[in-house]
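Chemist: Okay, here's the prediction I keep looking at, along with the sequence it came from:
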Protein chains: 2
Amino acid sequence: MKIRIGIVGYGNLGRGSEYAISQNPDMELSYIFTRRDPSSISPISPGVKVVSVDEALKLVDEIDVMLLCGGSATDLPEQTPYFAKYFNVVDSFDTHANIPEHYQKVDAVAKSSGKTAIISIGWDPGLFSMNRMIAEAILPNGSSYTFWGKGVSQGHSDAVRRIEGVLDARQYTIPIESALEAVRSGLTPELETREKHKRECFVVAKDGADLAEIERQIVTMPNYFDEYDTTVHFISAEELAANHAGLPHGGFVIRDGKTGNNDENSQIIEYALKLDSNPEFTSSILTVYARAAYRLNTEGVIGCKTILDIPPSYLSPDSATELIGKYL
Amino acid sequence: MKIRIGIVGYGNLGRGSEYAISQNPDMELSYIFTRRDPSSISPISPGVKVVSVDEALKLVDEIDVMLLCGGSATDLPEQTPYFAKYFNVVDSFDTHANIPEHYQKVDAVAKSSGKTAIISIGWDPGLFSMNRMIAEAILPNGSSYTFWGKGVSQGHSDAVRRIEGVLDARQYTIPIESALEAVRSGLTPELETREKHKRECFVVAKDGADLAEIERQIVTMPNYFDEYDTTVHFISAEELAANHAGLPHGGFVIRDGKTGNNDENSQIIEYALKLDSNPEFTSSILTVYARAAYRLNTEGVIGCKTILDIPPSYLSPDSATELIGKYL
């Protein structure tokens, strides 16, 4: 009996989840739910039904876990509490400041419905959160650093696209290598925003646009660019399509903890990601946490959970005995 | 009310645990148990009692968790099942091949005594096991690599010391940088033993010893050195003491998983340690798993557990609400 998964929303995350489910033999993708016309969607997996999101409640007996693949700005604040009334759910809610409120809402619903909800799954929040937490627990006396990139920031790309005269744009966040090396070497440097990351923009401008003015607006944009050293390149639409179509990303979580009778020893834990496809990686994480949600619910563990609450073994299809033999 | 810890064995791991406990304000070191003459041990922490290991059973009401800091060869196979009859315990049993058997023994005892035992805690087995397991669950389609070092291997140093004419020795295991880079770049290379690590030995020889013969015996030693490229340096006892007294170590666990409709995207997860003191780092891990053992037992979760069974949040002194605010 496979774990029957439903996907709500068929954008980058939904498609990535479809690929990820196909790599996990104990799961099957049963339904894709969409707000678009279902006939406009052609899933790659054979036998998957595409239906309107309004049909979901009729299918409570056919789905074990719903992967909520909408956006954090407007979709998930509504969808996760809504679906947690009827289904075990996993979401990737990533508006850091609102996670406590989201947690409370989803927890109340899931506790009264007897469902299991795992929220804010992905890599940041997600695997990075878990690694920061574990490293700081093990090494309480020390400094933590997070670097992001090299990768495409969708929020920053969107901000550039909103500038008058810009047709399209792609923004890369790039960690500054010398800062990374200083951290890795145990120097525990104090780093300003500008010293940790730089930004690089590839911009397609309208014919006749004022390029100098576009560049000025980018590099001085408050919150997004003004605290960073930013390089702007104007390129053609063809070059953007050819060289900047992907969504790579990644980053580094580094803990430098001091141990010993006089804190004389540096112990450095580094967790690093280098991703060709940010959404597909996030989807792969959502998918294994669907397995955890299903198992927890089977055991009667209900309510809202985060990545910090889930034992590692719940992510694997292997039995406890197999895991000991394979990994310890 | 602090978690009251007992340490069994006051070698490198025991001393490291003493330092680690002092960094965790919700814990206190109550007793150190030793097979040596207790008066020969001077703990650095004020108020800690040092007593004979034979006194332990009289103190069941004064200790919440025992950290078993003995060796895996002969101490822990006896000590862990023995102490799990009376105490919650954490050990660092690291003889990989015997972990399933050790687990079964300890589990049977702890289940009947109502205690919680967490075994094979450290970084390999331990954090490396957990990272391999999680990365392979998230990226089931891919290749895993582990590199160790640069660091002192005690087993290899001991093997060199047993050679006729050798007074003292220190052996470093060193990952080969070009292999690491090939893995990180997503090439998924097939690597032979010799291509992953090299070995470097610093040897203090007896006056008049046959250095060429010592070197020959080292580089050809079966299992230990014959499959590696090994460099041997003869140095003075003073130089060994000055430059090779520490026990640094570290390593890298790398998963390269492929995702996408045609496996076209490489997703690379790397977990890396760079440790000035291998035993102090292991002790720091043991110490936070003592917190987990205590909490699990308080909740009625008994029997033998491994690092794969423990939710990350159980390692932290912070509440669930604090953890969400701080890390997600």
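Modeler: All right, it came through fine.
Chemist: In CSV, could you pull the C-alpha coordinates for stretch A:128-135?
Modeler: Output of stretch A:128-135 as CSV, limited to C-alpha atoms (Å, rounded to 0.1, in the frame of the first residue of the first chain):
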residue,chain,number,x,y,z
PHE,A,128,19.3,25.4,7.3
SER,A,129,17.1,25.9,10.4
MET,A,130,17.7,22.4,11.6
ASN,A,131,21.4,22.6,11.0
ARG,A,132,21.7,25.9,12.8
MET,A,133,19.7,24.6,15.7
ILE,A,134,21.6,21.3,16.1
ALA,A,135,25.0,23.0,15.7
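Chemist: contacting residues around it?
Modeler: Residues lying outside stretch A:128-135 but in contact with it, judged by C-beta atoms under 8 Å, 6 or more residues apart in numbering or on different chains, are A:120, A:144, A:146, A:251, A:253, A:255, A:257, A:269, A:271, A:306-308, B:127, B:312-313, B:315-316, B:323, B:326-328. Yep, even glycine has a C-beta here, placed from its N, CA and C like the rest.
Chemist: among those residues, which are in strands?
Modeler: For these, the ones inside strands are A:144, A:146, A:251, A:253, A:255, A:257, A:269, A:271, with DSSP state E as the criterion.
Chemist: Between all of those, which two are separated the most?
Modeler: The span of those, defined through C-beta to C-beta, is set by A:251 and A:257 at 19.6 Å.
Chemist: Tell me which of these two has more neighbours.
Modeler: In this view residue A:251 and residue A:257 are compared by other C-beta atoms under 10 Å in any protein chain shown, and residue A:257 has more residues nearby, 25 against 22.
Chemist: Going along the chain, name the strands of chain A.
Modeler: Counting by DSSP E, residue ranges of the strands within chain A are A:3-8, A:27-34, A:49-52, A:65-68, A:88-91, A:116-118, A:142-148, A:151-152, A:166-175, A:197-205, A:229-234, A:249-259, A:265-275, A:303-305.
Chemist: Export those as TSV, with columns for distance to chain B and mean pLDDT.
Modeler: Compiled in TSV, these are given as follows (distance: least, C-beta to the nearest C-beta, whole Å; pLDDT from 0 to 100):
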stretch	distance to chain B	mean pLDDT
strand A:3-8	14	98
strand A:27-34	11	98
strand A:49-52	17	97
strand A:65-68	14	98
strand A:88-91	12	98
strand A:116-118	12	98
strand A:142-148	10	97
strand A:151-152	12	96
strand A:166-175	14	98
strand A:197-205	19	98
strand A:229-234	24	98
strand A:249-259	4	98
strand A:265-275	4	98
strand A:303-305	9	98
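Chemist: Ramachandran angles for residue A:209?
Modeler: Note on residue A:209: backbone dihedrals following degrees, to the nearest 10 are phi -70, psi 160.
Chemist: got the contact list for it?
Modeler: Residues near residue A:209 by C-beta under 8 Å, 6+ apart: A:164-166.
Chemist: and the gap between the closest residue in space to residue A:163 that isn't next to it in sequence and residue A:248?
Modeler: Distances taken as C-beta to C-beta, 6 or more residues apart in numbering or on different chains place residue A:217 nearest to residue A:163, at 5.1 Å, with adjacent residues excluded. Separation of residue A:217 from residue A:248 (C-beta to C-beta, to the nearest Å): 26 Å.
Chemist: Could you do residue A:233 as well?
Modeler: Residue A:233 is 17 Å from residue A:248, by C-beta to C-beta.
Chemist: The two: who's more crowded?
Modeler: residue A:248 (19 against 11).
Chemist: Check whether the more buried one really touches residue A:279, as I assumed.
Modeler: No - when contacts are counted by C-beta atoms under 8 Å, residue A:248 is not listed as touching residue A:279 (10.7 Å).
Chemist: Report the beta-bridge partners for residue A:205.
Modeler: residue A:166 (DSSP bridges).
Chemist: are any of the contacts of stretch A:128-135 buried, and which?
Modeler: For the contacts of stretch A:128-135, a burial check counting by 16 or more other C-beta atoms under 10 Å in any protein chain shown picks out A:120, A:144, A:251, A:253, A:255, A:257, A:269, A:271, A:306-308, B:127, B:312-313, B:315-316, B:323, B:327-328.
Chemist: and residue A:38, how many neighbours?
Modeler: 16.
Chemist: one step back: what would the strands of chain A look like in JSON lines with distance to residue B:135?
Modeler: Shown next, in JSON lines, are the strands of chain A (distance: least, C-beta to C-beta, whole Å):
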{"stretch": "strand A:3-8", "distance to residue B:135": "21"}
{"stretch": "strand A:27-34", "distance to residue B:135": "18"}
{"stretch": "strand A:49-52", "distance to residue B:135": "32"}
{"stretch": "strand A:65-68", "distance to residue B:135": "20"}
{"stretch": "strand A:88-91", "distance to residue B:135": "19"}
{"stretch": "strand A:116-118", "distance to residue B:135": "19"}
{"stretch": "strand A:142-148", "distance to residue B:135": "19"}
{"stretch": "strand A:151-152", "distance to residue B:135": "19"}
{"stretch": "strand A:166-175", "distance to residue B:135": "21"}
{"stretch": "strand A:197-205", "distance to residue B:135": "25"}
{"stretch": "strand A:229-234", "distance to residue B:135": "33"}
{"stretch": "strand A:249-259", "distance to residue B:135": "14"}
{"stretch": "strand A:265-275", "distance to residue B:135": "10"}
{"stretch": "strand A:303-305", "distance to residue B:135": "21"}
